[in-house]
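In: Everything below, folded, please.
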Amino acid sequence: MNFCFLRFQSSRFRILLIFICFTLHFHLQAKQIQFALVPDREDIIQYEIELWKTDELGGEIPFRVLANPGPVSLFIPEGYEFFRIRAIAKRKVRGFWTELYQVAVFGKKPKPVAKPIAKIPVKTDVLVPIESSQGKPELFLTTNQITIVPTSVDKKIRIQYRINGGPWQTTTSPLLRFSKDGHYRLEYKVTNEIGVSDGMQVWEFKVDSNPPVTSISFLEPPFQKNGTTFISSKNGLLLRSSDEGSGLSNIRYRTTCGTDQVSDYNVWLESSWKDILSGCEKNILLEISAVDRLGNEEVPKQIFIQTQKKAE
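Out: Below you'll find the predicted structure:
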């Protein structure tokens, strides 16, 4: 019997890790951690756990153990400092690995540290879950295409699929493109040469390729003369950003003070405008861009601030 899979990570695997974090009990002296593996799908029958000595994968052979759903007491051999988990479904279909977790801090809430925002990370999963405004996870496509790949190499396998209730299409390995934003329903099934199929597979997801839109205005009307706008620290800067897709993540900004190097990106706060004006006595180039929760980044808007000294 033949079946196929899509190359992406299910939202249920991501939800599983949240359960793990909140059910962890740490025992430092015993070098043992206890947690519960709670499947959210009936076809998940087991979990594979890899223990690593370092966070550089590929340079060593990991220590592997298998665990069944439910309470788990994981013994950590000496020298192993990291681990990761993936689910195993029926027919030995394996999910995607989680990120590497550090044994010493797993389950502990890190102290908040104010630091610049680094470059927006590239999402490697084809589909990622994002919580909606109603608190429910929704799948979003991170690329503009999906390939349905049969797990069998049999050339006589046929894949039937349709999108949003449209006409059925038949091929061997379809490459599906989604260029427009919106909600999609993908149905497909794999059939062998004698007509045996593993049943219909259904995936519903959204496409969001548009970045947020930010508007900029001053709280106090600035003074204008001969086409030049004059502002002071009293002219607060108001930023409004909206996103109709996955939702707004944050508004970022960076500055260039005179001929200095451009700063790292920081999250825009209520105090950011005053900090910018008081932190540089030279001309300032301010760049502002919003980012949605899928990683779509707005083209930075620029404000050039030319500093003038007060008359003696």
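In: So which residues of the stretch 201-312 of the chain form helices?
Out: Residue ranges of the helices in the stretch 201-312 of the chain, as given by DSSP state H, counting those that start in this stretch, are 272-278.
In: the strands in it, which residues?
Out: Secondary structure of the stretch 201-312 of the chain (DSSP state E, counting those that start in this stretch): strands located at 201-207, 213-218, 223-225, 228-230, 237-242, 248-257, 266-267, 284-292, 301-305.
In: what does the stretch 51-200 of the chain give?
Out: Per DSSP E, counting those that start in this stretch, the stretch 51-200 of the chain carries strands over the ranges 63-67, 70-75, 82-89, 101-102, 127-131, 137-141, 145-150, 158-163, 169-171, 175-177, 182-191.
In: between the strands of the stretch 201-312 of the chain, which one is nearest to L100?
Out: Evaluated over those, closeness to L100 peaks at strand 248-257, with 23.6 Å, by Cβ to Cβ. Using the backbone N, CA and C atoms, a C-beta is placed for each residue, glycine as well.
In: Now do that closest one, average pLDDT.
Out: Averaging pLDDT along strand 248-257 yields 93.
In: Ok, stretch 277-292 next?
Out: Here the average pLDDT along stretch 277-292 is 92.
In: what stretches of the stretch 101-250 of the chain score poorly on pLDDT?
Out: 108-119, 121-122, 152-155, 233 (pLDDT under 70).
In: what's the domain layout of the protein?
Out: 25-102, 127-207, 213-305 (automatic domain parsing).
In: With mean neighbour count and distance to I120 as new columns, can these be given to me in a markdown table?
Out: Formatted as a markdown table, the domains of the chain follow (neighbours: other Cβ atoms under 10 Å; distance: least, Cβ to Cβ, whole Å):
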| stretch | mean neighbour count | distance to I120 |
| --- | --- | --- |
| domain 25-102 | 14 | 17 |
| domain 127-207 | 14 | 12 |
| domain 213-305 | 15 | 5 |
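In: Now the strands of the stretch 201-312 of the chain in a markdown table, please, with extra columns for distance to E99.
Out: As requested, the strands of the stretch 201-312 of the chain are exported to a markdown table (distance: least, Cβ to Cβ, whole Å):
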| stretch | distance to E99 |
| --- | --- |
| strand 201-207 | 22 |
| strand 213-218 | 31 |
| strand 223-225 | 51 |
| strand 228-230 | 47 |
| strand 237-242 | 28 |
| strand 248-257 | 19 |
| strand 266-267 | 22 |
| strand 284-292 | 20 |
| strand 301-305 | 33 |
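In: so which of the strands of the stretch 51-200 of the chain comes closest to C280?
Out: It is, among the strands of the stretch 51-200 of the chain and with distance given as Cβ to Cβ, strand 127-131, at 36.6 Å.
In: Give the pairing partners of the closest one; include direction for each.
Out: strand 137-141 (antiparallel) (DSSP bridges).
In: what sits up against the strand it pairs with?
Out: By Cβ atoms under 8 Å, 6 or more residues apart in numbering, the list of residues contacting strand 137-141 from outside reads 11, 15, 126-132, 178, 184, 203-208, 245-246, 294.
In: and the angle from that strand to strand 284-292?
Out: Interaxial angle, strand 137-141 versus strand 284-292 (axes from the mean of the first three to the mean of the last three Cα atoms, to 10 degrees): 110 degrees.
In: Figure out how far strand 137-141 is from the centre of its chain.
Out: 10 Å (Cα atoms, centre = their mean, to the nearest Å).
In: before we move on, what about stretch 65-85?
Out: For stretch 65-85, the distance to the chain centre is 25 Å (Cα atoms, centre = their mean).
In: how long is it from one end to the other?
Out: 10 Å (Cα to Cα, to the nearest Å).
In: ok, now which ones touch the nearest residue to S179 once chain neighbours are set aside?
Out: Nearest residue to S179 in three dimensions, chain neighbours excluded: N144, at 6.0 Å (Cβ to Cβ, 6 or more residues apart in numbering). By Cβ under 8 Å, 6+ apart, the residues touching N144 are 177-179, 207, 209.
In: switch the cut-off to 10 Å
Out: By Cβ atoms under 10 Å, 6 or more residues apart in numbering, the contact set of N144 is 176-180, 207, 209.
In: ditto for L176
Out: L176 sits next to 6, 144-148, 161, 163, 169, 184, 186, 188 when contact means Cβ under 10 Å, 6+ apart.
In: let's go with 8 Å and repeat that
Out: Neighbouring residues of L176 by Cβ under 8 Å, 6+ apart: 145-148, 161, 163, 186.
In: partners of it in the sheet?
Out: I146.
In: picking that back up, from the contacts of L176, which single one is nearest I288?
Out: Q145 (31.7 Å).
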